[in-house]
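Visitor: Below: sequence and its predicted model.
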Amino acid sequence: MKKILVAILNWNGKHYLEKFLPDIILRSEEADILIIDNASTDGSAGFVRDKFPNVKIKVLDKNYGFAGGYNKGLEGEDYPYYVLLNNDVEVSEGWLLPMVKWMEEHPQTGALQPKLLQYDRRSYFEYSGACGGHLDKWGFPFCRGRVFDTLEEDRGQYDEPGKIFWACGAAMMVRAEAFKKAGGFDDRFFAHMEEIDLCWRLRQMGYDIYNCSASVVYHVGGGTLKTQSVRKYYLNFRNSLYCLVKNHPKNTWSIILIRLMLDGLASLYFLIKGNFKVMMGVLQAHAVFYIHLPALIKYRLNRKKILSSYMDVYPDYEGSIVLKYYFLRKNTYEQLNKK
């Protein structure tokens with residue numbers, strides 16, 4: 001039996017499967033391939049069954065989003081390692097071997113991320129994960145190679161393996177045992193930032209998260225929700241608050257209060273720019289956050305009982321990337337980390 005399951009979540013992405021699945025199969029001989037279909041209506045399932053009969057496929061009864069889709073799709077899949085891969089990703093030759101080697105040699109690694117480059121501008125880092133993710137004091141995510149909307153050219157500056165705070169869900173290898181002990185993804189997130197929440201919980205359990213630049217993939221990005229989608233803004237703002245309440249160890253409510261104020265400034269900025277719908281998306285995110293706050297607090301109070309082990313873990317960047325990016329004009333990971 002193979003050690004690796006490459007699980008590709010799909011929702012109405014037949015055109016991506018047509019484009020990328022043949023090479024994924026060809027370049028992933030070490031793995032079994034599973035398509036998890038979130039009740040697509042574009043004929044994706046039929047296409048896979050007809051063209052790739054040796055590829056496993058699970059068709060879900062409705063669209064459960066990224067979090068719920070993977071949770072349901074991975075049920076009963078008994079492999080040491082899962083590789084979660086977006087349907088709009090092109091993999092390079094030999095992409096799996098460096099990650100497997102790292103996992104085998106570093107048993108405390110819970111999740112691992114390859115280098116994510118842009119599909120269209122192949123020498124530049126891709127927005128969703130670049131070369132591994134970090135989190136600032138107020139819960140704002142950024143990456144080695146991407147801070148807010150600034151994307152760096154890949155010059156090999158982040159090729160050394162290093163600890164990161166979170167691995168991008170567009171392409172990540174996760175130790176199956178760790179994934180299960182952590183409880184998988186949180187279905188409430190639906191999509192966006194669920195991987196940050198998962199990686200935070202893995203770190204609370206004592207696992208490390210690393211980048212693995214020896215493995216390279218190319219991501220189209222925005223395959224399901226476009227970059228400027230109002231729903232994407234809504235999910236990101238809401239889920240960031242979910243993440244802080246669930247996982248931040250201490251002084252959480254002062255952090256939340258300041259974060260809410262920063263979100264308010266962001267919504268004002270969107271309004272000034274004429275993005276009224278985006279501003280309303282931020283306000284809606286806050287409203288839904290308040291509705292779910294009691295359940296989030298309940299999880300927080302019981303998390304030491306829920307997780308198989310628990311230790312306090314803070315965001316790994318003590319400063320504010322909002323301050324440094326917008327006011328001090330530090331727009332790369334290297335500049336943020338200069339003493």
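Guide: Looks like it arrived, so ask away. Residues are numbered from 1 along each chain as shown.
Visitor: Which elements pack onto the lengthiest helix in the chain?
Guide: Taking DSSP state H as the assignment, the helix of the chain that covers the most residues is helix 276-306. Here helix 276-306 touches helix 230-247, helix 252-272, going by 3 or more Cβ pairs under 8 Å, 6 or more residues apart in numbering; DSSP states H and E. (C-beta placed from N, C-alpha, C; glycine too.)
Visitor: What's the mean pLDDT across the shortest one?
Guide: Mean per-residue pLDDT for helix 230-247: 96.
Visitor: likewise the last one?
Guide: Across helix 252-272, pLDDT averages out at 93.
Visitor: Please put the alpha-carbon coordinates of it into PDB.
Guide: Listed next in PDB are the C-alpha coordinates belonging to helix 252-272 (Å, rounded to 0.1, in the frame of the first residue of the first chain):
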ATOM      1  CA  THR A 252      -7.400  37.500  23.900                       C
ATOM      2  CA  TRP A 253     -10.100  40.000  24.500                       C
ATOM      3  CA  SER A 254      -7.800  43.000  24.300                       C
ATOM      4  CA  ILE A 255      -6.400  41.500  21.000                       C
ATOM      5  CA  ILE A 256      -9.900  41.000  19.700                       C
ATOM      6  CA  LEU A 257     -11.000  44.600  20.600                       C
ATOM      7  CA  ILE A 258      -8.000  46.100  18.800                       C
ATOM      8  CA  ARG A 259      -8.600  43.700  15.800                       C
ATOM      9  CA  LEU A 260     -12.200  44.800  15.600                       C
ATOM     10  CA  MET A 261     -11.000  48.400  15.600                       C
ATOM     11  CA  LEU A 262      -8.500  47.700  12.800                       C
ATOM     12  CA  ASP A 263     -11.300  45.900  10.800                       C
ATOM     13  CA  GLY A 264     -13.400  49.000  11.300                       C
ATOM     14  CA  LEU A 265     -10.600  51.100   9.800                       C
ATOM     15  CA  ALA A 266     -10.400  48.700   6.900                       C
ATOM     16  CA  SER A 267     -14.100  48.900   6.200                       C
ATOM     17  CA  LEU A 268     -13.800  52.700   6.200                       C
ATOM     18  CA  TYR A 269     -11.000  52.400   3.700                       C
ATOM     19  CA  PHE A 270     -13.100  50.300   1.500                       C
ATOM     20  CA  LEU A 271     -15.900  52.800   1.700                       C
ATOM     21  CA  ILE A 272     -13.600  55.700   0.700                       C
END
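Visitor: next one: that helix to chain centre, how far?
Guide: For helix 252-272, the distance from its own C-alpha centre to the chain's C-alpha centre is 23 Å (Cα atoms, centre = their mean, to the nearest Å).
Visitor: still on that earlier bit, how about the helices and strands packed on helix 276-306, which one is nearest residue 307?
Guide: Taking Cβ to Cβ, helix 230-247 is the member of these nearest to residue 307, at 10.6 Å.
Visitor: mind listing what's buried in that closest one?
Guide: By neighbour count, with 16 or more other Cβ atoms under 10 Å as the criterion, the buried positions of helix 230-247 are 230, 232-247.
Visitor: Quick check: which helices or strands does that helix pack against?
Guide: Contact analysis of helix 230-247 by 3+ Cβ pairs under 8 Å, 6+ apart lists helix 194-204, helix 252-272, helix 276-306 as its packing neighbours.
Visitor: a markdown table for the ones you listed, including distance to residue 94?
Guide: Output for these, formatted as a markdown table (distance: least, Cβ to Cβ, whole Å):
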| stretch | distance to residue 94 |
| --- | --- |
| helix 194-204 | 24 |
| helix 252-272 | 41 |
| helix 276-306 | 38 |
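Visitor: still on that earlier bit, so which other helices or strands are in contact with whatever helix or strand comes next after the longest helix of the chain?
Guide: Later in the chain than helix 276-306, the nearest helix or strand by DSSP states H and E is helix 321-326. In terms of contacts (3+ Cβ pairs under 8 Å, 6+ apart), helix 321-326 is packed against helix 333-336.
Visitor: CA atoms only: put the helix it packs on into CSV for me.
Guide: In CSV, the C-alpha atoms belonging to helix 333-336 read as follows (Å, rounded to 0.1, in the frame of the first residue of the first chain):
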residue,chain,number,x,y,z
TYR,A,333,9.3,39.4,4.6
GLU,A,334,13.0,40.3,4.7
GLN,A,335,12.2,43.9,5.5
LEU,A,336,9.8,43.0,8.2
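Visitor: check which helix or strand covers the residue in the chain sticking out farthest from the centre.
Guide: Ranked by distance from the centre of the chain (Cα atoms, centre = their mean), the top residue is residue 50, with 30.7 Å. Assigned by DSSP H and E, residue 50 belongs to helix 44-51.
Visitor: Which secondary structure elements does that helix sit against?
Guide: On a contact count with 3+ Cβ pairs under 8 Å, 6+ apart, helix 44-51 meets helix 14-26, strand 31-37, strand 56-59.
Visitor: list the helices and strands the shortest one packs on?
Guide: Under the contact definition 3+ Cβ pairs under 8 Å, 6+ apart, strand 56-59 sits against strand 31-37, helix 44-51.
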